[in-house]
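Visitor: Need a 3D model of the sequence below.
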Amino acid sequence: MVESGVARVRWVTFDCYGTLVDWRHGIMISAELVAPGHGERLLGAYERHEPRVQEEAPGMRYRRVLAEAFGRACREVGVDVIPDDLSVPAATLPYWRVYPEVTGELGALREAGWNLALLTNCDRDLVAETLRRLAVPFDMVVTAEDSGAYKPAPAHFERFRAAHRPEAGHWVHVAQSYYHDMLPAARLGIPRIWINRRDERPDDPSVVPEIAPDLAGLAARVAKVAQAAQGPAW
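Guide: From the prediction side, this is the model:
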């Protein structure tokens, strides 16, 4: 890991699930294992419940968040489950598929001289299994377990900034979630790229000045955003 405070080290931070890993597919497949034929409905319900659980219990481990939100989704949809069924999302998470362009684009960033970090709403043990599938080394990982909170709370970003104190134009954040990542990054003045995989419309276009449908060509986009951010330190 790179020592904190080293001058002129350049960083790209990423959200993991949704940005690098197909989170929605993972939840839906987990749901299909428990309740065949109900995967899409359970996914929709789960997406509503997870942020509520995280807001209610910011110190809860993500493994338990998955189980609690999945249980609430099952109740909403009217699917009967046994307690063991609620552990399925966490059990399958290490096998969730990585988006096809991710490994090559992460490698291109490293070749261009960027350090890589994850700022993830996950537990250390779970994300460690995913890191093996990404196949490109990361220099730092900040989890919800580390920060004691879930994004969109700013704790992940603040912890990373305190550790490395990046100069202006030497930190770009890349993520799929407008709610969890783009909004807090904008509030904190962090240069950012929205990976808009779902073709969503932002409530405020100024929050997402740089938008891409996936990670293809990411190194060039990062260089562009970093250059635009050169100026007085934050």
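
Visitor: Please make it C-alpha for all contacts and neighbour counts, starting now.
Guide: Fine.

Visitor: Tell me which other helices or strands the longest helix anywhere in the chain touches.
Guide: Longest helix of the chain, by residue count under DSSP state H: helix 39-56. Applying 3 or more C-alpha pairs under 8 Å, 6 or more residues apart in numbering; DSSP states H and E, one finds that helix 39-56 contacts helix 23-34, helix 62-77.

Visitor: and of those helices, who's closest to residue 148?
Guide: helix 62-77 (10.9 Å; C-alpha to C-alpha).

Visitor: now the closest one and helix 23-34, what's the angle there?
Guide: In terms of direction (axes from the mean of the first three to the mean of the last three C-alpha atoms, to 10 degrees), helix 62-77 departs from helix 23-34 by 70 degrees.

Visitor: so what secondary structure elements neighbour the next helix or strand after helix 62-77?
Guide: Moving toward the C-terminus from helix 62-77, the next helix or strand (DSSP states H and E) is helix 88-92. When contacts are defined as 3+ C-alpha pairs under 8 Å, 6+ apart, helix 88-92 sits against helix 23-34, helix 62-77.

Visitor: Turn those helices into CSV, including mean neighbour count.
Guide: As requested, the helices and strands packed on helix 88-92 are exported to CSV (neighbours: other C-alpha atoms under 10 Å):
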stretch, mean neighbour count
helix 23-34, 20
helix 62-77, 20
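
Visitor: I'd like to know which of those helices is closest to residue 217.
Guide: Checking those against residue 217 by C-alpha to C-alpha gives helix 23-34 as the closest, at 21.7 Å.

Visitor: Show me what that closest one is packed against.
Guide: Packing contacts for helix 23-34, counted by 3+ C-alpha pairs under 8 Å, 6+ apart, involve helix 39-56, helix 88-92.

Visitor: The shortest one - what's its average pLDDT?
Guide: Okay, so that is helix 88-92. The average pLDDT for helix 88-92 rounds to 97.

Visitor: Starting from that helix, tell me the next helix or strand along the chain.
Guide: Next helix or strand after helix 88-92 toward the C-terminus (DSSP H and E): helix 102-111.

Visitor: what sits up against that next one?
Guide: 20, 115, 116, 134, 135, 136, 215, 216, 217, 218, 219 (C-alpha atoms under 8 Å, 6 or more residues apart in numbering).

Visitor: ok, the residue nearest to the spatial centre of the chain - contacts?
Guide: Most central in the chain under C-alpha atoms, centre = their mean is residue 15, positioned 2.4 Å from the mean C-alpha point. By C-alpha under 8 Å, 6+ apart, the contact set of residue 15 is 118, 119, 120, 174, 175, 176, 181.

Visitor: In three-state terms, label the last one for me.
Guide: Just to be clear, that refers to residue 181. Of the three states, residue 181 takes helix under DSSP: H, G, I helix; E, B strand; the rest coil.

Visitor: What is the neighbour count of it?
Guide: Counted with other C-alpha atoms under 10 Å, residues neighbouring residue 181 total 25.
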